[in-house]
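K.L.:
need a structure here:
(2 chains)
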Amino acid sequence: DGGITQSPKYLFRKEGQNVTLSCEQNLNHDAMYWYRQDPGQGLRLIYYSQIVNDFQKGDIAEGYSVSREKKESFPLTVTSAQKNPTAFYLCASKGSTPHSGANVLTFGAGSRLTVL
Amino acid sequence: QKEVEQNSGPLSVPEGAIASLNCTYSDRGSQSFFWYRQYSGKSPELIMSIYSNGDKEDGRFTAQLNKASQYVSLLIRDSQPSDSATYLCALLSGGYQKVTFGIGTKLQVIP
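P.N.:
Here you go, the predicted structure:
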């Protein structure tokens, strides 16, 4: 069953610690995206990648880093430089799916990060 | 000016009525447009995509795109309480295929 898997679902972090959120897809999509969502807000783009070993900064990249060593994987690291990291993080891949039949974003279930 | 603008709502409609959701955008080079639905605490789900001017219908949903006026809308006919959610407008632009979302409109369908 194709899809996107994000882990962990919930994560607690102490201030000053880096954390890495995992995103894996088996949809054979080339493009992958990371978004952040705060309560009552829309999705803000952090980083995105169209192909392996290449990625672009989104609108709020400061304090985050990514890598794209494999087509299936696009992990996001929230560094200690991110001043307000508590948020809901969503990973997506872009391509066709049996359901949509079009070049659209498919999302994982999300990771909820809380800084203590 | 924000890249994608939506009224945050809430938009309240009675059950069985037509809900009209609107979105305007600033980048004339935008290529593709999407409507997603998001229930509280969940991830967004695709409702429709639209790429060319005009209307596109899928069941109770109709997406409308007007590139000259830079707006895209979503009509939901025969609204049901289960349609109560936040509706996110998104667009794809640029050579690197950036996908930008609006703030979302919260829809409440009153039984």
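K.L.:
Going by C-alpha atoms from here, please, whenever you check contacts or count neighbours.
P.N.:
Will do.
K.L.:
List the contacts of residue 30.
P.N.:
Picked chain A for this. With contacts defined as C-alpha atoms under 8 Å, 6 or more residues apart in numbering or on different chains, A:D30 is in contact with A:50-52, A:71, A:93-95.
K.L.:
Sorry, I should have been clearer: chain B.
P.N.:
Under the criterion of C-alpha under 8 Å, 6+ apart, the contact list for B:S30 reads B:91-94.
K.L.:
Show me which residues of chain B sit near chain A.
P.N.:
Residues of chain B lying close to chain A (C-alpha under 8 Å from any C-alpha of the partner chain) are B:34, B:42-46, B:49, B:88, B:96-104.
K.L.:
one more time with 6 Å, if that's ok
P.N.:
B:43, B:101-104 (C-alpha under 6 Å from any C-alpha of the partner chain).
K.L.:
quick one: which of the residues you listed is nearest chain A?
P.N.:
Nearest to chain A among the residues of chain B next to chain A: B:I103, at 3.8 Å, using C-alpha to the nearest C-alpha.
K.L.:
Surely that closest one and A:Q41 touch.
P.N.:
Yes. With contacts counted by C-alpha atoms under 6 Å, B:I103 reaches A:Q41, the gap being 5.4 Å.
K.L.:
Between the two, point out the one with more neighbours.
P.N.:
Ranked by neighbour count (other C-alpha atoms under 10 Å in any protein chain shown), B:I103 and A:Q41 place B:I103 first, with 22 against 13.
K.L.:
so where does the more buried one fall, helix or strand?
P.N.:
For B:I103, there is no helix or strand it lies in under DSSP states H and E.
K.L.:
And B:T24, by the same measure?
P.N.:
According to DSSP H and E, B:T24 maps onto strand B:19-25.
K.L.:
how close does the closest residue to A:L43 other than its chain neighbours get to A:K71?
P.N.:
Excluding its sequence neighbours, the residue lying closest to A:L43 (C-alpha to C-alpha, 6 or more residues apart in numbering or on different chains) is A:Q37, at 4.9 Å. As judged by C-alpha to C-alpha, to the nearest Å, A:Q37 and A:K71 stand 24 Å apart.
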